[in-house]
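Trainee: Sequence below, structure please.
(one chain, ligands or ions: 1)
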Amino acid sequence: MATRLNPCELEIDLFCRGLHIDESCVLEKDARFLARTRAGLGSGLELVIPGPLKDIWMNAPIEEDFVHDSPYTLLFRDGSYGVRDSRGDLEYDVEIPGQPAWYTAKTSSGTEMSRVGVLQGTYLGIYLSNSCSFWYHSPSLGCKFCTTGLNVGVNEAAEKAIADVVETARAAKEESGVTFVHFNSGYAGKDKGLDMAAPYIKAIKEQVGMLTGVQVTPSPNLWKYDWLVDCGVDHFSFCYEFHNPKFFAELLPGKEKLIGQQTFFNALEYTAKKMGKGRVSGEIIAGVEPIEDTLEAIDYIADVGAFPTVCIFRPTIGAEMERYPSPKYEDMRVVMEHMYRACRRNGIPIGAAPNIEVSLIVQPGDARYLAKRDTAWWMYEAKLAALRKLAAPKFKHELKPRRVSGNPHSHPKGSPEIVAPRSPEADELAREAGVGARRS
Ligand code: SF4
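Mentor: This is a model prediction of the structure:
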């Protein structure tokens with residue numbers, strides 16, 4: 001017989017077991033379309049689990065094989081949605097976020113906005129570049145959990161013009177209240193990721209006014225991070241996935257061969273030191289390497305002042321790891337409570353930025369539900385509330401368009417080639433930044 005779970009426990013169990021959809025549901029009308037993009041982690045159903053501390057956004061697996069054995073079913077009853085657990089007489093209220101009207105609107109160049117970017121939780125995710133070049137090696141050097149090579153260019157535009165990105169971000173901000181746009185890319189060739197992201201960041205800062213994040217493979221040229229901060233980047237994240245070097249090497253052959261785990265650590269430590277606590281994330285996948293390695297990764301990331309961003313492994317359809325088992329709830333609960341404690345121990349300001357809910361992971365803020373409500377819990381809550389209040393004027397300022405410098409030549413050794421998307425705006429931005437744009 002199952003016992004009732006708190007909102008974060010339910011989130012973890014749904015990530016591990018998945019969700020059936022009852023025929024009473026009308027998801028074509030009520031839900032966002034399933035975005036099979038990027039690594040495939042967003043391939044499930046976006047849902048919200050309401051709770052007294054915070055509402056939890058998640059992307060529940062619904063299509064993978066392991067879902068077959070799940071006890072959870074989504075139902076529509078009495079005018080609202082709920083999740084039933086067949087192991088007991090248990091039901092949980094959930095909300096299904098609808099598809100925003102701007103998804104089907106077109107940019108001035110005629111591109112459907114959902115082919116430029118999609119919501120993942122409450123932020124706008126935009127995939128830069130035309131796929132990840134690890135996929136073009138023979139044999140493939142793609143990460144073995146990933147399906148990016150199968151998705152990009154199918155469900156979304158392979159190349160994104162800056163004007164299209166600006167218009168889509170503006171619509172997401174004005175119509176859906178989005179505050180954060182996250183640029184993500186796979187391997188874009190030797191040390192090209194940050195160069196590629198720079199003109200987009202500058203354009204969003206100057207023309208829309210949003211918080212911005214960049215997640216590209218790390219650069220060994222650390223001065224480029226200084227340059228990107230000048231362009232307006234608010235957050236960097238580094239997906240090194242596995243802490244155990246053997247798992248890193250075996251499951252991430254491209255990252256092992258062409259980048260190296262130490263390059264991730266160097267960039268993570270450099271940016272965390274430069275930008276301060278909570279402005280950088282180290283991203284890992286839990287449920288594949290031994291749990292001790294995952295706990296060590298969390299401690300390492302939080303100890304350098306970064307957010308541990310922990311994905312629960314999903315054996316997505318089409319990935320080489322499609323047949324791996326989904327992780328066990330009991331293990332993942334231990335991992336997520338450890339993540340919360342590591343953030344608390346290091347004073348990481350979780351939940352400080354306004355309206356950023358990430359549906360692909362268990363956020364450190366979600367894991368507040370897991371820890372015992374002792375004195376340390378209440379003291380951290382009080383500290384977080386004070387930090388939110390203190391940070392509010394800064395975030396208000398960041399949500400207004402503002403000029404940014406973004407000149408690479410103002411940094412020692414700064415002479416990048418900007419890998420520009422095919423748009424006249426890119427050339428213009430590059431000229432403004434004082435460098436010649438080069439078309440890829
Ligand atoms: S770097 Fe790895 S996870 Fe990222 S897109 Fe490329 S293959 Fe996928």
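Trainee: Can you name the residues that contact Ala188?
Mentor: Shown in contact with Ala188 (C-beta atoms under 8 Å, 6 or more residues apart in numbering): 128-129, 132-133, 196, 216-217, 419. Backbone N, C-alpha and C define where each C-beta goes, glycine included.
Trainee: Quick check: buried residues in stretch 58-66?
Mentor: Buried residues in stretch 58-66, counted by 16 or more other C-beta atoms under 10 Å: 58-62, 64, 66.
Trainee: for the contacts of Ala188, which one is nearest the ligand?
Mentor: Distance to the ligand, by C-beta to the nearest ligand atom, is smallest for Cys132 among these, at 3.1 Å.
Trainee: now the end-to-end length of stretch 67-79.
Mentor: Using C-alpha to C-alpha, to the nearest Å, one end of stretch 67-79 lies 26 Å from the other.
Trainee: In the stretch 51-200 of the chain, mark out all the helices, start to finish.
Mentor: Here the stretch 51-200 of the chain has its helices, by DSSP state H, counting those that start in this stretch, at 148-151, 162-176, 193-207.
Trainee: Please list which of the contacts of Ala188 also come close to the ligand.
Mentor: With C-beta under 6 Å from any ligand atom as the criterion, the contacts of Ala188 include Cys132 near the ligand.
Trainee: Most widely separated two among the contacts of Ala188?
Mentor: Using C-beta to C-beta, the contacts of Ala188 reach their maximum pairwise distance at Cys132 and Val419, which is 14.3 Å.
Trainee: any chance you could map the strands in the stretch 1-150 of the chain?
Mentor: Taking DSSP state E, counting those that start in this stretch as the criterion, the stretch 1-150 of the chain carries its strands at 20-21, 45-49, 56-60, 72-77, 80-85, 90-93, 118-120, 123-127.
Trainee: quick one: contacts for the nearest residue to Lys257 once chain neighbours are set aside?
Mentor: The shortest distance from Lys257 to any residue other than its chain neighbours is 6.3 Å, reached at Leu141 (C-beta to C-beta, 6 or more residues apart in numbering). Residues in contact with Leu141 (C-beta under 8 Å, 6+ apart) are 134-135, 253-254, 257-258.
Trainee: which regions of the stretch 201-350 of the chain sit below the pLDDT cut-off?
Mentor: Across the stretch 201-350 of the chain, nothing is flagged by pLDDT under 70.
Trainee: Show me the strands in it, by range?
Mentor: For the stretch 201-350 of the chain, the strands defined by DSSP E, counting those that start in this stretch occupy 211-215, 235-241, 280-286, 307-312.
Trainee: For Leu10, find the nearest of the ones you listed.
Mentor: Among the strands of the stretch 201-350 of the chain, strand 307-312 sits nearest to Leu10 (C-beta to C-beta), with 13.1 Å.
Trainee: what about Trp378, which helix or strand?
Mentor: helix 375-398 (DSSP states H and E).
Trainee: That helix vs helix 193-207, what angle?
Mentor: 70 degrees (axes from the mean of the first three to the mean of the last three C-alpha atoms, to 10 degrees).
Trainee: other SSEs contacting helix 375-398?
Mentor: Packed against helix 375-398 by the contact rule (3 or more C-beta pairs under 8 Å, 6 or more residues apart in numbering; DSSP states H and E) you find helix 329-345.
Trainee: could you give the angle of the helix it packs on to strand 280-286?
Mentor: Using the same axes, to 10 degrees: helix 329-345 against strand 280-286 is 160 degrees.
Trainee: what's helix 329-345 in contact with?
Mentor: The contact list for helix 329-345, computed with C-beta under 8 Å, 6+ apart, reads 8-9, 12-13, 15-17, 286-287, 291, 294-295, 298-299, 301-303, 307-308, 310, 312, 348, 350, 362, 364, 366-368, 370-371, 376-377, 380.
Trainee: now it, how far from the chain's geometric center?
Mentor: 19 Å (C-alpha atoms, centre = their mean, to the nearest Å).
Trainee: And stretch 284-297, by the same measure?
Mentor: The answer for stretch 284-297 is 18 Å, by C-alpha atoms, centre = their mean.
Trainee: same check, this time on stretch 252-267
Mentor: Taking C-alpha atoms, centre = their mean, one finds stretch 252-267 lying 19 Å from the centre of the chain it belongs to.
Trainee: Then stretch 74-82?
Mentor: On C-alpha atoms, centre = their mean, the centre of stretch 74-82 falls 28 Å from the chain's centre.
Trainee: Kindly check the end-to-end length of it for me.
Mentor: From start residue to end residue, stretch 74-82 stretches across 6 Å - C-alpha to C-alpha.
Trainee: got the buried residues for it?
Mentor: Across stretch 74-82, burial judged by 16+ other C-beta under 10 Å covers 74-76, 81-82.
Trainee: can you list these in JSON lines and add distance to the ligand and pLDDT?
Mentor: Shown next, in JSON lines, are the buried residues of stretch 74-82 (distance: C-beta to the nearest ligand atom, whole Å; pLDDT from 0 to 100):
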{"residue": "Leu74", "distance to the ligand": "28", "pLDDT": "97"}
{"residue": "Leu75", "distance to the ligand": "34", "pLDDT": "96"}
{"residue": "Phe76", "distance to the ligand": "35", "pLDDT": "96"}
{"residue": "Tyr81", "distance to the ligand": "31", "pLDDT": "97"}
{"residue": "Gly82", "distance to the ligand": "34", "pLDDT": "97"}
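Trainee: Compare the strands of the stretch 1-150 of the chain and report which one is nearest to Trp227.
Mentor: Across the strands of the stretch 1-150 of the chain, Trp227 has its closest neighbour in strand 123-127 (19.9 Å, C-beta to C-beta).
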